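1. Predicted coordinates and the sequence they were generated for:
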Amino acid sequence: MSCVSMFLSRVRRPGLHAAAPTMRLAAMCVALASAAPVMAADAPAPLVFSPYAFETQAHGTIAAEAAYLEVPRRHGDPDGKRMRLRVVRLPATGGNGHTAPVVYLAGGPGGSGIGTARGPRWPVFDRVRRETDVLLLDQRGAGLSEPPPPCPHEHRFEDAQPMQRDTALAALQATAARCVAYWREAGVDLSAYTTAESAADLDDLRRALGVPKLSLWGMSYGTHLALATVRLHGAGLDRVVLMGTEGPDDTLKLPLAADALLGQLAAVAADAGFDDLTGSARRVLEALRQQPRQGRSGMHDGRQVTIGEFDAQLAIAVSLGQRPTQQWLPLVLREADRGNYDPLADIVLLLRAEFGQFTAMSLAMDVASGQSPQRRSLAEAQARQSMFGDALNFPFPMIGDGLGLVDLGESFRGPLRSDVPVLFVSGTLDGRTPPANAEALRPGFSDNRSLLVRGASHGNELWLGQAAIADSIAGFLAGQPVNDAVLDVSPPVFARSVSELLDSRPK
């Protein structure tokens, strides 16, 4: 898989197969540890850890431990079927021995906590385990925790036709319905895949560890799960770190956030010699509105694709999410503004492939979290004002209508108040979970801190842009004094030529 596809897959597309590439990257072969014996839900079995060689991608092999946690498939039916969740423990290398163990919660939904720690973000995990044990959990249905079978149905968009919003939505709705029918026929209980069930898993994990409290450390969707756990099982929590915050009613993004981020990125790009990025986007969209154009993808063996306005709205909105695609976007738009749509064709073809597929866990999770009527109304109103329409959320929320999946209801999405200490970590160039999400939640937490990372997107620089980021996270989780702070990371380095753009992508 190319790094472009990997990065696009990490940009959360609610309920789509986008989480699956991340899972495939993370879900390497792992030796199975003995499963814990089945016990009643009110008495989870103690975890039985076995020695485990945790292989990172670039930092060698770490001596760790692994186990399986047995949980009810549905916590409301404790005597019913059960499932196993994979847990890897990174034993503390320092600390005072009294700090609550920390559970890392990956994004997606559908990302692998185990896989995340293997990759470039390992130094932050290594820093945190100097203070306490770190537990890497693959959430139910994700990574190495018994994911449901992949859906055999997918929609393939025709290269010769531009993507039309309404036509594409109807096709994806039909595909999602076929996938839901397939999973139900295969015996998959889609009602088991909700954030509330995963929050109950975390409380079971705490009790199976035999500790009075856990701390949670989440990224993106992982913050959504952490916040649900604060609401439902807050008495068992010591501290919470939220990186790229997705609040209880933030599953549906606000479309004008993409317009605002484009303006912020335009200011950074202007300093690098790309004048009027916002104007380029407007002109490209207007040109494609008048007449679709052809582009030939250098990443897909020269495949030619017809690009329409909605293709470009999707491509720009998604590319704003993370630094790798942010760094290509000014050049992509400049070339399209000059009539060369080949670089844009690369992104369009990648997105079309992602949009045509669904996974059970991520689809069910996102539909269950849903949105309040007020949030949906606001998103629809902003879509009418945004230059990208509803591309930031497409095909949500419409895709969930009529599938018969669980909705967790307004009590799940309502205001949240807690005295659990929370550290909010936000990036100013985050196109998926903007700092405004964290700011809206802060008043509900009597003990909260904010770390704002200027120049960071929804990606690695939010973790690795400065060593002080990891120090703040580790210190907060260890109960050390941490004040509100603002840090700066290096600005994006933009591709300046088509040849440079192509050279930056793996062959």
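-> Now that the structure is in, tell me what you want to look at. Numbers count the residues shown, from 1 in each chain.

2. Show me which strand runs longest in the protein.
-> The strand spanning the most residues in the chain, taking DSSP state E as the definition, is strand 61-72.

3. low-scoring stretches of the protein, by residue?
-> By pLDDT under 70, the low-scoring segments of the chain are 1-42, 499-507.

4. do that again at 80, thanks
-> Confidence mapping of the chain against pLDDT under 80 gives the ranges 1-43, 497-507.

5. Show me where it has its strands.
-> According to DSSP E, the strands that the chain contains are 50-55, 61-72, 82-90, 102-105, 134-137, 214-219, 237-243, 293-296, 304-307, 422-427, 448-454, 485-488.

6. returning to what we had before: so how far is the longest strand of the chain off the chain centroid?
-> Strand 61-72 sits 23 Å away from the centroid of its parent chain (C-alpha atoms, centre = their mean, to the nearest Å).

7. What number of residues are in the vicinity of Ser145?
-> Using other C-beta atoms under 10 Å, Ser145 has 24 other residues around it. Yep, even glycine has a C-beta here, placed from its N, CA and C like the rest.

8. From what I see, it and Gly115 are in contact.
-> No - using C-beta atoms under 8 Å, Ser145 makes no contact with Gly115, being 11.7 Å away.

9. sorry, back to before: format the strands of the chain as CSV; extra columns: distance to Asp250.
-> Written out in CSV, the entries for those read as follows (distance: least, C-beta to C-beta, whole Å):
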stretch, distance to Asp250
strand 50-55, 32
strand 61-72, 26
strand 82-90, 25
strand 102-105, 16
strand 134-137, 22
strand 214-219, 13
strand 237-243, 11
strand 293-296, 34
strand 304-307, 30
strand 422-427, 13
strand 448-454, 17
strand 485-488, 22
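
10. Those strands: which one's closest to Pro44?
-> Put simply, out of the strands of the chain the one that sits nearest Pro44 is strand 61-72, at 7.1 Å, with distance taken as C-beta to C-beta.

11. quick check: angle from the closest one to strand 82-90?
-> Relative orientation of strand 61-72 and strand 82-90, computed by axes from the mean of the first three to the mean of the last three C-alpha atoms, to 10 degrees: 150 degrees.

12. Pull out the buried residues from strand 61-72.
-> Buried positions in strand 61-72, judged by neighbour count with 16 or more other C-beta atoms under 10 Å: Ile62, Ala64, Glu65, Ala66, Ala67, Tyr68, Leu69, Glu70, Val71, Pro72.

13. was I right about Arg293 contacting Ala287?
-> Yes - the pair Arg293 and Ala287 qualifies as a contact (C-beta under 8 Å) at a distance of 7.2 Å.

14. which one of those two has more residues nearby?
-> Relative neighbour count places Arg293 above the other of Arg293 and Ala287, with 21 against 17, counting by other C-beta under 10 Å.

15. show me what contacts the spatially closest residue to the more buried one that is not a sequence neighbour?
-> Leaving out its chain neighbours, the residue that sits closest to Arg293 by C-beta to C-beta, 6 or more residues apart in numbering is Tyr341, at 4.9 Å. The contact partners of Tyr341, by C-beta atoms under 8 Å, 6 or more residues apart in numbering, come to Arg293, Gln294, Gly295, Ile307, Glu335.

16. Repeat that for Gly455.
-> Val268, Gly427, Thr428, Leu429, Glu461, Gly465, Asp488, Val489, Ser490, Pro491, Pro492.

17. Now for the last one: which residues touch it?
-> Contact criterion C-beta under 8 Å, 6+ apart gives Leu265, Val268, Arg323, Gln326, Gln327, Leu429, Gly455, Ser457 as the residues in contact with Pro492.

18. What is the longest strand of the chain packed up against?
-> With contacts taken as 3 or more C-beta pairs under 8 Å, 6 or more residues apart in numbering; DSSP states H and E, strand 61-72 sits against strand 50-55, strand 82-90, helix 195-209.

19. List the buried residues in the shortest one.
-> Think strand 50-55. Tyr52, Phe54.

20. So what's the gap between it and the chain middle?
-> Remark: strand 50-55 is offset 26 Å from the chain centroid, using C-alpha atoms, centre = their mean.

21. Could you shift the numbering so residue one becomes 10, and keep it that way?
-> That works, and once the first residue is 10, the last one we named lands at strand 59-64.

22. So in that sheet, which strands flank it, and in what orientation?
-> Using DSSP bridges, the neighbouring strands of strand 59-64 in the sheet come out as strand 70-81 (antiparallel).

23. For the residue nearest to Val498 when sequence neighbours are not counted, grab the count of nearby residues.
-> Once flanking residues are discounted, Val498 sits nearest to Gly474: 3.0 Å by C-beta to C-beta, 6+ apart. Using other C-beta under 10 Å, Gly474 has 21 other residues around it.

24. my guess is Gly474 meets Leu496, correct?
-> Yes - with contact taken as C-beta under 8 Å, Gly474 and Leu496 are classed as touching, separated by 7.3 Å.

25. what residues are shared contacts of those two?
-> Between them, Gly474 and Leu496 have Val462 as joint contacts when contacts are counted by C-beta under 8 Å, 6+ apart.

26. and Val376, what does it touch?
-> Contacts for Val376 (C-beta under 8 Å, 6+ apart) come out as Gly24, Ile408, Gly409, Leu412, Leu414, Val415, Asp416.

27. Now rank the residues you listed by neighbours and give me the top one.
-> Tallying neighbours with other C-beta under 10 Å puts Gly24 at the head of the contacts of Val376, with 30 neighbours.

28. my guess is Leu432 contacts Ser481, does it?
-> Yes - the criterion here is C-beta under 8 Å, and Leu432 meets it with Ser481 at 7.2 Å.

29. tell me the contacts of the residue nearest to Ala392 when sequence neighbours are not counted?
-> Spatial nearest neighbour of Ala392, excluding adjacent residues (C-beta to C-beta, 6+ apart): Asp399 at 4.0 Å. Listed by C-beta under 8 Å, 6+ apart, the contact set of Asp399 reads Arg174, Pro264, Ala388, Glu389, Ala392.
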